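*Asks:* Mind folding the following:
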Amino acid sequence: QVQLVESGGGLVQAGGSLRLSCAASGRTFSRNVMGWFRQAPGKEREFVAGISASGVITNYADSVKGRFTISRDNAKNTVYLQMNSLKFEDTAVYYCAVDSSRTNYPSQGSKAYEYWGQGTQVTVSS
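*Replies:* Next up, the predicted model:
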C-alpha cells in the first residue's frame, strides 16, 4: 500500500522559514515526478512546486519563485520543500503528490498526480 506522509508544518511568523518533508512508502518513486500543492480555506488546490525524477528539473508557481526550493532524496524516497521568507498568504494545507506517469517536466495540474499525502498545515502569522 502506497503512503505519502508529510511533516514539518506548523506556525511561523511572516519572514520565517519552514522545511516540509514527504516520505513515501510501499513503493519507490525514484523514477517519478513528485510535487507539492497547497490549499487555503475557501480556495482550490494549487500547484506549488514540482521536481523531476533525477532532481535536475524543477518548476515553481510564480507566487513562490525565489522563496521556495523543492528537492528530493531518492535513497530515502523523500521529497522536501524548503520555504523561506514566508508570507501570510502562504498559509494553507500543503500536500505532496506523485505523478507515476512522468519522469521529467513536472505538470502543474493536480489531475496528473495519482498519489497524495494527507497534508500538513502551514500557518504564517502576520
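*Asks:* So residue 71 is in contact with residue 82, correct?
*Replies:* Yes - between residue 71 and residue 82 a contact is recorded at 7.2 Å, counting by Cβ atoms under 8 Å. Backbone N, C-alpha and C define where each C-beta goes, glycine included.
*Asks:* Look up how far residue 82 lies from the closest residue in space to residue 31 that isn't next to it in sequence.
*Replies:* The shortest distance from residue 31 to any residue that is not its chain neighbour, by Cβ to Cβ, 6 or more residues apart in numbering, is 4.9 Å, and that residue is residue 53. Look at residue 53 and residue 82: by Cβ to Cβ, to the nearest Å, they are 19 Å apart.
*Asks:* Show the backbone phi and psi for the residue nearest the centre of the chain.
*Replies:* In the chain, the C-alpha closest to the average C-alpha coordinate belongs to residue 36, at a distance of 2.2 Å (Cα atoms, centre = their mean). Backbone dihedrals for residue 36, given as degrees, to the nearest 10, come out at phi -120, psi 140.
*Asks:* show me the contacts for it.
*Replies:* Shown here is residue 36, whose contacts under the criterion Cβ atoms under 8 Å, 6 or more residues apart in numbering are 20, 22, 48, 49, 50, 70, 79, 81, 94, 95, 96, 97.
*Asks:* quick one: which of the residues you listed is nearest residue 41?
*Replies:* Taking Cβ to Cβ as the measure, residue 41 sits nearest to residue 94 out of those, at 13.4 Å.
*Asks:* Number of residues surrounding the closest one?
*Replies:* Each residue near residue 94 was counted by other Cβ atoms under 10 Å, and the total is 23.
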